[in-house]
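S.K.: Sequence first, then the predicted structure:
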Amino acid sequence: MSGTIIEFSTAAGGNCQGYLSIPAAGKGPAVIVIQEWWGLVDHIKQVADRFAETGFVALAPDLYHGVQARQPDEAGRLMMALNIDGAASDLSGAADFLLEHPAVTSRKVGTVGFCLGGQLSLMAACVDTRIGACVDYYGVHPQIQPDFSQLASPVLGFFGGLDGFVTPDAVSALEQQIRQAGKSVEFHVYPDADHAFFNDSRPEVYHRAHAEESWKRMLAFFHANL
């Protein structure tokens, strides 16, 4: 891995660690990569490195503050125990850190999250006007209900038709909520994909073609909006 663990100040005045990856050119637009329910695991760090390889400055904050889950039951407990206000503070601090970093060339920050992180990506875009582009990969958390009337950025979303956590009906309802708020949204549902289809560390659900296609769409989206 080419990135480093750094520490930044949160909006609430505390500290949070994160994994920072900077492109070889030394500069680029900023993206916050938001973890799945497992925590800041190697897969998320590798996603940040992939962004750096394509010219972005990527920061993946550690929203569990050092804790990682290895089993789904444990991950579920950690997700449900997450302090939502604390996570919002961590994400705001991550945006502060990036926008003050000399390597960052964009005036706004992109967010992309997976599973738990997808819902946090939506939440961040609804509470922080510095978010210029929001990507949601199969976001889920029953306690996070974003106020889409306050959404400050366009939204791009990717979902699986076989997803038992975020069903096609739930995706349709979410899209309708965002549209009814008068905001820009573009969702893609892959009928033969499951939850976490982007995660190449989980071969039982990973779908290479859809992961690669969504990655290209996401990069174009960030380039167009940051």
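M.R.: Here it is on my side, so go on. Numbers count the residues shown, from 1 in each chain.
S.K.: quick one: buried residues of the longest strand anywhere in the chain?
M.R.: Secondary structure of the chain per DSSP state E: the longest strand is strand 104-114. Buried residues in strand 104-114, counted by 16 or more other C-beta atoms under 10 Å: 104, 106, 108-114. Where you see a C-beta, it was placed from the backbone N, CA and C, and this is true even at glycine.
S.K.: Tabulate those in TSV, adding columns for pLDDT.
M.R.: As requested, the buried residues of strand 104-114 are exported to TSV (pLDDT from 0 to 100):
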residue	pLDDT
Val104	98
Ser106	97
Lys108	98
Val109	98
Gly110	98
Thr111	98
Val112	98
Gly113	98
Phe114	98
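S.K.: residue contacts, the residue lying closest to Val127 once chain neighbours are set aside?
M.R.: Sequence neighbours aside, Ala88 is the residue nearest to Val127 in space, at 6.1 Å (criterion: C-beta to C-beta, 6 or more residues apart in numbering). By C-beta atoms under 8 Å, 6 or more residues apart in numbering, the contact list for Ala88 reads 11, 123-124, 127.
S.K.: Backbone torsions only: list them for Ala88.
M.R.: Main-chain dihedrals, Ala88, degrees, to the nearest 10: phi -60, psi -40.
S.K.: picking up where we left off before, direction included, what does the longest strand of the chain pair up with?
M.R.: On the basis of DSSP bridges, the sheet neighbours of strand 104-114 come out as strand 28-34 (parallel), strand 131-137 (parallel).
S.K.: Which residues does the first one contact?
M.R.: Yep, that's strand 28-34 we're talking about. When contacts are defined by C-beta under 8 Å, 6+ apart, strand 28-34 is touched by residues 22, 44, 47-48, 51-52, 55-61, 63, 91, 94-95, 98-99, 101, 103-106, 108-114, 116-118, 120-121, 124, 222-223, 226.
S.K.: Which ones among the residues you listed lie within strands?
M.R.: 57-61, 104-106, 108-114.
S.K.: Now for those: which two are most distant?
M.R.: Spanning the widest gap among the ones in strands among the contacts of strand 28-34 are Thr105 and Phe114, at 25.1 Å by C-beta to C-beta.
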